[in-house]
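Undergrad: Give the three-dimensional model of this entry:
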Amino acid sequence: MAVGVNVLEEVIGAVREVAQQVIMPRYLQVDRQIKADGSFFTEADVAAQNALLEKLQKIHPAAAMGEEMTKQEQEAQWIKGQSGLWSIDPIDGTSNFLNGLPYFAISVAFMEEGKSVLGVIYNPVTDEMFYATKGGGAFLNGIALPLKTYIPTLSGAMANVDLKRLDRKFAARVAAFPPFASQRNFGACALEWCYTAAGYFDLYLHGGQKPWDYGAGSLILAEAGGHMCGFEQDDYWAGSPWTRSVIAALDPGLFAQWRDWVRENRKE
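TA: Residues are numbered from 1 along each chain as shown. Below is the predicted model:
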């Protein structure tokens, strides 16, 4: 797909419309249900996914994969979509959505050969619309990212770390002997990528994400000038697409220090 301004604007419009018409009217109004893996989902997740799929197919017909599909459906769409795939998380941060915490988002990526070429992430509570296209830069509501240019030392950095997705021994080391100044985790991968791209977080660490978790956000961070890799490989896109770990930072020097610290301390 040729990702031009018109396509990006159409996707942004579709995402905003689904947020306004499908998601926000259900905010704090739906009951939680539990999937086989123990994670929460709601009627709002399913309704938003269906609405997004319908709108995105009108923008560009292609294979499409959503978080609320079955594992078998997701894997089939991934294989089918090597030449073009919509990757959707209708509500990233469902637990926050259920509990009234204003930190959740719609995430939409278009991927070709397993890599993202368009990404849109929208928090409808704060009206933060993050977006990027391959080679076109990254933006928040029309303002180029990053927003913050101050680069701290590693010991003075703010990190977003999802301790729950790390093995227990390493998570305990990160929590007890962190190389950074302060740590946060708000429970929505898509926004964690975006806040790193904006410069709100200096460092990012996650133990394992699926395509709808990293599809849009990884592109937004890359187009903001950020750097990322996995626990085992320098090429972020190498390895399984279904359990992709994340070591990331905006600044290249800070990224190198963070990557080396993570890899060294995971061995101990």
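
Undergrad: so what's the closest residue to residue 199 other than its chain neighbours up against?
TA: Distances taken as CB to CB, 6 or more residues apart in numbering place residue 148 nearest to residue 199, at 3.1 Å, with adjacent residues excluded. For every residue, glycine as well, the C-beta is placed using N, CA and C. For residue 148, the residues meeting the contact criterion (CB atoms under 8 Å, 6 or more residues apart in numbering) are 198, 199, 200.

Undergrad: How far away from the center of its chain is the host helix or strand of residue 57?
TA: Take DSSP states H and E as the rule and residue 57 turns out to sit in helix 43-59. Relative to its chain's centre, helix 43-59 lies at 18 Å (CA atoms, centre = their mean, to the nearest Å).

Undergrad: Can you read off the pLDDT for the residue nearest to residue 199?
TA: pLDDT recorded at residue 148 is 87.

Undergrad: What is the three-state secondary structure of it?
TA: Under DSSP: H, G, I helix; E, B strand; the rest coil, residue 148 falls in the coil class.

Undergrad: Use 758 as the first number from now on
TA: From this message on, residue numbering opens at 758, which makes the last subject residue 905.

Undergrad: any idea how far residue 1015 is from it?
TA: To residue 1015, residue 905 is 17 Å away according to CB to CB, to the nearest Å.

Undergrad: in this protein, which spans are strands?
TA: Using DSSP state E, the strands found in the chain span residues 789-791, 797-799, 820-823, 842-849, 862-869, 872-880, 885-890, 894-897, 900-901, 915-918, 939-941, 960-966, 984-986, 1001-1006.

Undergrad: export the ones you listed to TSV and tack on mean pLDDT, mean neighbour count and distance to residue 856?
TA: Shown next, in TSV, are the strands of the chain (pLDDT from 0 to 100; neighbours: other CB atoms under 10 Å; distance: least, CB to CB, whole Å):
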stretch	mean pLDDT	mean neighbour count	distance to residue 856
strand 789-791	59	12	9
strand 797-799	66	18	10
strand 820-823	96	22	23
strand 842-849	97	28	13
strand 862-869	98	28	15
strand 872-880	98	24	15
strand 885-890	98	24	19
strand 894-897	98	19	25
strand 900-901	98	10	30
strand 915-918	98	21	19
strand 939-941	96	13	17
strand 960-966	97	23	21
strand 984-986	98	21	29
strand 1001-1006	97	25	25
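
Undergrad: Redo these as a markdown table? Include distance to residue 783.
TA: Rendered in a markdown table, the data for the strands of the chain read as follows (distance: least, CB to CB, whole Å):
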| stretch | distance to residue 783 |
| --- | --- |
| strand 789-791 | 12 |
| strand 797-799 | 7 |
| strand 820-823 | 17 |
| strand 842-849 | 9 |
| strand 862-869 | 13 |
| strand 872-880 | 16 |
| strand 885-890 | 20 |
| strand 894-897 | 25 |
| strand 900-901 | 30 |
| strand 915-918 | 27 |
| strand 939-941 | 27 |
| strand 960-966 | 25 |
| strand 984-986 | 33 |
| strand 1001-1006 | 30 |
